[in-house]
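**Student:** Next come a sequence and a model predicted from it.
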Amino acid sequence: MNADTQADVKAFVQTAEQTGGFVWVIALVDFTARELRRTLVSDESYSTAAAAKDAGVARLAALTADRTAHA
């Protein structure tokens with residue numbers, strides 16, 4: 001991806017119910033190409049959707065910090 005299309009790629013955190021608990025799902029969407037680039041799903045299950053969402057947001061922040069540190 002070049003710098004021109006970088007702004008059209010967004011990451012979203014969602015939750016999904018899975019076997020009596022909840023997991024976070026991070027989706028990386030390229031709006032210019034209108035495609036889903038990548039998804040990450042937590043290995044850990046959480047008791048509430050809010051806990052899963054908070055953990056997913058924290059994971060996305062860590063991934064973003066790691067990416068900017070290596071850029």
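**Tutor:** Sure thing, it's come through. Numbering: from 1, shown residues only.
**Student:** And the strands in this protein?
**Tutor:** Along the chain, counting by DSSP state E, strands occupy 9-18, 21-30, 35-41.
**Student:** Tabulate those (a markdown table), appending mean neighbour count and mean pLDDT.
**Tutor:** Bear in mind the C-beta positions are built from the backbone N, C-alpha and C, glycine included. Below are the strands of the chain laid out as a markdown table (neighbours: other Cβ atoms under 10 Å; pLDDT from 0 to 100):
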| stretch | mean neighbour count | mean pLDDT |
| --- | --- | --- |
| strand 9-18 | 14 | 94 |
| strand 21-30 | 18 | 96 |
| strand 35-41 | 12 | 95 |
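**Student:** Just send those back as JSON lines, with distance to residue 61 too.
**Tutor:** Shown next, in JSON lines, are the strands of the chain (distance: least, Cβ to Cβ, whole Å):
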{"stretch": "strand 9-18", "distance to residue 61": "10"}
{"stretch": "strand 21-30", "distance to residue 61": "11"}
{"stretch": "strand 35-41", "distance to residue 61": "13"}
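**Student:** I'd guessed residue 41 sits against residue 15; true?
**Tutor:** No. Between residue 41 and residue 15 no contact is recorded; they are 10.5 Å apart, counting by Cβ atoms under 8 Å.
**Student:** Mind listing the shared neighbours of those two?
**Tutor:** Common contacts of residue 41 and residue 15 (Cβ atoms under 8 Å, 6 or more residues apart in numbering): 23, 24, 25.
**Student:** Specify which member of the residues you listed is nearest to residue 54.
**Tutor:** For these, the residue nearest residue 54 by Cβ to Cβ is residue 24; the value is 8.6 Å.
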